[in-house]
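# this one's structure only:
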């Protein structure tokens, strides 16, 4: 079945780079997403990548996709205290029987220390 | 509207009562999703609407849960005879179709006492 896994916690110092990793099982995934959830808030779409790409950069964010290993990562450059949040990796499984719903990882809590 | 709008943002209800949660998707979006996020849990898919197709209800946890989408726009998630384990954040999302970017609302925080 479809499964998405993430490490649960990451702590970095302000100014360092953060790398949050995610693995997924469905090789036919079409879109892969990163969402950010701040305390008491909903999910904010950070970025996404098509499965036919291997990298996408958006300001301080870099997404790397290794389709062979089914591994997705999110790199945040110059991490700030405002980046402290839970980061969710998600995929849309392939079109075989898929209705477009997202499968989420458990979320990685990023703690940024001043 | 500019984003996905949900109401109420917070709801406290007594065990056994029915609750309705509302979602206004982004204008023009044909796909609408409901997810649930319980304390300490991940995000659980509940139901998905796409245009006039039959909804995918595969994630609804029991027959106390139902959802409608009227006129292809606004959706209401109804929980009958609420239980304490229904306490969670109920998140609505929309997209312009399957396999397109999905945007979430701020959620409705439900507490059953």
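Sure, I can see it. For clarity, every value in this text was computed on a predicted model and none was experimentally measured. Numbers count the residues shown, from 1 in each chain, chains lettered A, B, ... in the order given.
# Work out for me the element the closest residue to residue A:111 other than its chain neighbours sits within.
In this structure, residue A:111 finds its nearest non-sequential neighbour in residue A:11, 4.4 Å apart by Cβ to Cβ, 6 or more residues apart in numbering or on different chains. Every residue, glycine included, has its C-beta placed from N, CA and C. Element membership for residue A:11, per DSSP states H and E: strand A:9-13.
# quick revisit: can you check the pLDDT for the residue nearest to residue A:111?
If you check residue A:11, the pLDDT there is 97.
# dump the residue contacts of the residue nearest to residue B:43 when sequence neighbours are not counted.
Nearest non-adjacent residue to residue B:43, counting by Cβ to Cβ, 6+ apart: residue A:104, 4.1 Å away. Residues in contact with residue A:104, defined by Cβ atoms under 8 Å, 6 or more residues apart in numbering or on different chains, are A:4, A:35, A:88, A:89, A:90, B:42, B:43.
# from these, which is closest to residue B:22?
residue B:43 (19.7 Å; Cβ to Cβ).
# my guess is the closest one meets residue B:37, correct?
Yes: contact criterion Cβ atoms under 8 Å: residue B:43 and residue B:37 qualify, at 5.2 Å.
# Would you mind grabbing the residues shared as contacts by those two?
With Cβ under 8 Å, 6+ apart as the test, residue B:43 and residue B:37 both reach residue B:91.
# ok so, going back, how many neighbouring residues does the residue nearest to residue A:111 have?
Using other Cβ atoms under 10 Å in any protein chain shown, the number of residues around residue A:11 comes to 12.
# In contact with it, which residues?
By Cβ under 8 Å, 6+ apart, the neighbours of residue A:11 are A:110, A:111, A:112, A:113.
# just to revisit the earlier point, tell me what the residue nearest to residue B:43 is bridged to.
Here residue A:104 shows beta-bridge partners residue A:90, assigned using DSSP bridges.
# Next one: it from residue A:87, what distance?
Per Cβ to Cβ, to the nearest Å, residue A:104 is found 11 Å from residue A:87.
# How about residue A:102?
Using Cβ to Cβ, residue A:102 is found at 14 Å from residue A:87.
# Pairing partners for the strand holding residue A:11, with directions?
Note on strand A:9-13: by DSSP bridges, its sheet partners are strand A:108-113 (parallel).
# quick one: contacts of the partner strand?
Contacts to strand A:108-113, defined as Cβ under 8 Å, 6+ apart, come from residues A:6-14, A:18, A:20, A:76, A:79-81, A:83-89.
# Next: stretch B:54-67.
A:99, A:101, B:34, B:36, B:44-50, B:69, B:75-83, B:86.
# List the buried residues in it.
B:55, B:56, B:59, B:60, B:65, B:67 (16 or more other Cβ atoms under 10 Å in any protein chain shown).
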